[in-house]
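Visitor: next one to model:
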Amino acid sequence: MGSQLLLLAFERPALDWHALAPEIVLLSVGGLVTLIDIVFLERARPITAAVAGLGLLATAIPLLTLALDGSDRVMFGGAYVVDEFALVMKAIFILAGYVVILLSTNYVAEGEYWENEYYGLLLASLMGMVMMASSRDLISLFVALELLSIPAYLMVAWRKRDIRSTEAGLKYYLMGVFASAVMLYGMSLLFGVSGSTLLTDINSVVTAGGASVSVVTLGIVFVVAGFGFKVSAAPFHTWAPDVYQGAPTPVTAFLSVASKAAGFVALLALVFVGFYGRPEVWEPLVWTLAAVSMTVGNLIALRQTNIVRMMAYSGVAQTGFMIAPLAVAGHSTALGDQALSATVTYLAIYAAMNLGAFAVIISLARRTGSAEMSSFAGAFRYAPAMTVAMTIFLGSLAGIPPLGGWFAKFEVFRVLTSSGDTWGYALAVVAAVNAVIALYYYASVLLRMWADEAPDEGVADVALTPSLLSALVICGGVTLVFGVLPQVVARFTDVSLLALGG
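Guide: Residues are numbered from 1 along each chain as shown. Down below sits the predicted model:
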């Protein structure tokens, strides 16, 4: 009898290998990159980026087969779920990671040599993001968060001889550890109240109302604050400007899109699966984060002279727009569906337009040797294609039709005004005012590039490498398609609360 109990205790849980195929392929590619580095050492540098890029494209194949299958897959007692929401977010991560590899390849060509380990760290971080998209449990969420964060700390400090890069890596690490500690404390409170780490169990307990209101409130506030750091929501954004400026620019692009999107995945899972039954706790918190992030990010961005720091504060403001629909998502299930779809749609469009903007910044900063806005003066004279591309991406970030950003912002305003209450309308007004402020500093950059005179010296055209051109085509294509055919494309990001388990 004792031996039978022992066998049951150590029995392997049932695994759905098809559901785990994207993770397995990504893990295999990471192992292959590491093996190539060990065997071929420096000789592997010319092929490592290609292997990593092809591996990400191979990871997309099981994502497509799972999407065509259409059925939800649940493992480990509900802790790991592959559903419509997970597949959409995994596709965003894989595509964003592929574009970052294209940007990194171009960076290598210009003398910023990556050791082979860089691509291994990038794939490891993407692995954490892909896992987070399916996590519906506090433990799996935290493990995925650490898996994506620890390689990112190392990538930020990759320029070992650059004091700004070292400072950025240390600051990102220390702030990340502090945020993780705050988040873990909140998770421990929720576990103590519910007796379970499953988000569905936590929601059942906190909705029943038998748990201590103060403990539940404190746990939710601490957990949301911890993930607020990951998405660089004000006032948890203080790490972003220095880290963005100090890190290598492809790493900055990676943090601004993929890492931010991963934080949003966790935040959406927590809100819609774990806390949805207590909107009186998380709705005011999200409302405040959204309003403060939009206002602080835009106002400080107005004062920036370095375009990378401006993009950092722009990212803070865009975070406010992304989480704004969540401020009214608890009013009803129907409104929750709309809020979830609006946030996922915004994430997809933001990934394309922000990565595209960083692709242009990398190219122009390579020529001028500086990321100061003054060095981009007269860019149309020597890089007309890049100037047009930057106009598309910054115009989309500002929400100008027919670029994709207008549809992202329209969805946010639609959800806020559909709430039918004063707080929803008030946040919509705050968002509208901030959209005008953002237009000013985006337009000032474009005006400098289009209208100012270029310096007399060094006016040679900027060469477009194949990898950089591919990145611009992908990002520009997604940005334009979302703007011109929004309803056709948006059906892929139309995710229901039922798919998330809410």
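Visitor: now Val51, nearest residue through space, not along the chain?
Guide: The shortest distance from Val51 to any non-neighbouring residue, by CB to CB, 6 or more residues apart in numbering, is to Val33 (5.8 Å). C-beta here means a position set from N, CA and C on the backbone, and glycine is covered the same way.
Visitor: pull out the buried positions in the host helix or strand of the one you found.
Guide: Mapping Val33 onto the secondary structure by DSSP states H and E places it in helix 21-40. Neighbour-count burial for helix 21-40, counted by 16 or more other CB atoms under 10 Å, picks out 21-23, 25-27, 29-30, 32-34, 36-37.
Visitor: got the residues you listed as CSV, with distance to Leu141 and pLDDT columns?
Guide: Below are the buried residues of helix 21-40 laid out as CSV (distance: CB to CB, whole Å; pLDDT from 0 to 100):
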residue, distance to Leu141, pLDDT
Ala21, 21, 90
Pro22, 18, 92
Glu23, 15, 92
Val25, 22, 93
Leu26, 18, 92
Leu27, 19, 92
Val29, 24, 92
Gly30, 21, 89
Leu32, 28, 90
Val33, 26, 88
Thr34, 26, 86
Ile36, 32, 87
Asp37, 30, 81
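Visitor: after the one helix or strand Gly219 maps to comes which helix or strand?
Guide: Using DSSP H and E, the element containing Gly219 is helix 213-230. For helix 213-230, the following helix or strand on the C-terminal side (DSSP H and E) is helix 240-246.
Visitor: and that following helix, how far out from the chain middle?
Guide: Relative to its chain's centre, helix 240-246 lies at 16 Å (CA atoms, centre = their mean, to the nearest Å).
Visitor: need the contact partners of that helix.
Guide: 156, 162, 164-169, 171-172, 232, 252, 255-256, 306, 308-309, 311-313, 315-316, 371 (CB atoms under 8 Å, 6 or more residues apart in numbering).
Visitor: separate out the buried members of the residues you listed.
Guide: 156, 165-169, 171-172, 232, 252, 255-256, 306, 308-309, 311-313, 315-316, 371.
Visitor: buried ones in stretch 284-293?
Guide: Leu285, Val286, Trp287, Leu289, Ala290, Ala291, Val292, Ser293.
Visitor: swap in stretch 406-422?
Guide: Going by 16+ other CB under 10 Å, stretch 406-422 has these buried residues: Trp406, Phe407, Ala408, Lys409, Glu411, Val412, Phe413, Val415, Leu416, Ser418, Ser419.
Visitor: I figured the fourth one hits Phe321, correct?
Guide: So the one you mean is Lys409. Yes: the criterion here is CB atoms under 8 Å, and Lys409 meets it with Phe321 at 6.6 Å.
Visitor: joint contacts of those two?
Guide: Joint contacts of Lys409 and Phe321 (CB under 8 Å, 6+ apart) are Ala431.
Visitor: counting by contacts, list what the helix holding Val33 packs against.
Guide: helix 45-69, helix 117-134 (3 or more CB pairs under 8 Å, 6 or more residues apart in numbering; DSSP states H and E).
Visitor: just the ones you listed: most buried one?
Guide: Most buried of the helices and strands packed on helix 21-40 by mean neighbour count (mean count of other CB atoms under 10 Å) is helix 117-134; its value is a mean of 25.
Visitor: if we can go back for a sec, for Val206, which of the helices and strands packed on helix 21-40 is the nearest?
Guide: Distance to Val206, taken as CB to CB, is lowest for helix 117-134 among the helices and strands packed on helix 21-40, at 21.8 Å.
Visitor: what comes up buried for the following helix or strand past that closest one?
Guide: Toward the C-terminal end, the helix or strand that comes next after helix 117-134 (DSSP H and E) is helix 138-156. Neighbour-count burial for helix 138-156, counted by 16+ other CB under 10 Å, picks out 138, 140-142, 144-145, 147-149, 151-156.
Visitor: quick one: helix 138-156 to helix 117-134, angle?
Guide: Put simply, helix 138-156 runs at 160 degrees to helix 117-134, going by axes from the mean of the first three to the mean of the last three CA atoms, to 10 degrees.
Visitor: just checking, next helix/strand downstream of helix 138-156?
Guide: Past helix 138-156, the next helix or strand by DSSP H and E is helix 163-194.
Visitor: report the buried residues of that next one.
Guide: Within helix 163-194, judged by 16+ other CB under 10 Å, the buried ones are 165-169, 171-173, 175-176, 179-180, 182-183, 186-187, 189-191, 193-194.
Visitor: where in the chain is pLDDT low?
Guide: Counting by pLDDT under 70, the chain contains low-confidence ranges at 1-13, 106-116, 209-211, 455-463, 488-489, 493-502.
Visitor: check which helix or strand covers the residue nearest to the spatial centre of it.
Guide: Nearest residue to the geometric centre of the chain (CA atoms, centre = their mean): Ala261, 2.1 Å. Secondary structure assignment for Ala261, by DSSP H and E: helix 260-269.
Visitor: now do that helix: which elements does it pack against?
Guide: Secondary structure elements in contact with helix 260-269, counted by 3+ CB pairs under 8 Å, 6+ apart, are helix 84-109, helix 117-134, helix 138-156, helix 213-230, helix 307-323, helix 333-368.
Visitor: can you do 7 Å?
Guide: helix 84-109, helix 117-134, helix 138-156, helix 213-230, helix 333-368 (3 or more CB pairs under 7 Å, 6 or more residues apart in numbering; DSSP states H and E).
Visitor: in TSV: these, plus distance to Glu280.
Guide: Shown next, in TSV, are the helices and strands packed on helix 260-269 (distance: least, CB to CB, whole Å):
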stretch	distance to Glu280
helix 84-109	25
helix 117-134	27
helix 138-156	22
helix 213-230	9
helix 333-368	15
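Visitor: of all these, which one is nearest Ala67?
Guide: Closest among the helices and strands packed on helix 260-269, using CB to CB: helix 84-109, at 5.3 Å.
Visitor: next, the angle helix 260-269 makes with that closest one.
Guide: Using the same axes, to 10 degrees: helix 84-109 against helix 260-269 is 170 degrees.
Visitor: list the buried residues in helix 84-109.
Guide: Neighbour-count burial for helix 84-109 [16+ other CB under 10 Å]: 84-108.
Visitor: surely Leu154 touches Leu121?
Guide: Yes: counting by CB atoms under 7 Å, Leu121 is a contact partner of Leu154 at 5.7 Å.
Visitor: so what's the gap between stretch 408-421 and the chain middle?
Guide: 22 Å.
Visitor: try stretch 380-394
Guide: 25 Å.
Visitor: which of the residues in that stretch are buried?
Guide: Going by 16+ other CB under 10 Å, stretch 380-394 has these buried residues: Phe380, Arg381, Tyr382, Ala383, Met386, Thr387, Ala389, Met390, Thr391, Ile392, Phe393, Leu394.
Visitor: what about those residues, which are in strands?
Guide: Among the buried residues of stretch 380-394, no residue falls in strands (DSSP state E).
Visitor: from these, which two are the most distant?
Guide: Arg381 and Phe393 (19.7 Å).
Visitor: please report the distance of Ala208 from Phe275.
Guide: According to CB to CB, to the nearest Å, Ala208 and Phe275 sit 13 Å apart.
Visitor: between those two, which is the more surrounded one?
Guide: Legend: neighbour count by other CB atoms under 10 Å for Ala208 and Phe275, higher for Phe275 (26 against 10).
Visitor: quick one: contacts for that one?
Guide: By CB atoms under 7 Å, 6 or more residues apart in numbering, the contact list for Phe275 reads Asn203, Val206, Ile220, Val281, Trp282.
Visitor: how far does the helix or strand hosting the fourth one sit from its chain's centre?
Guide: Just to be clear, that refers to Val281. Using DSSP H and E, Val281 falls within helix 279-301. Between the centre of helix 279-301 and the centre of its host chain there is 18 Å, according to CA atoms, centre = their mean.
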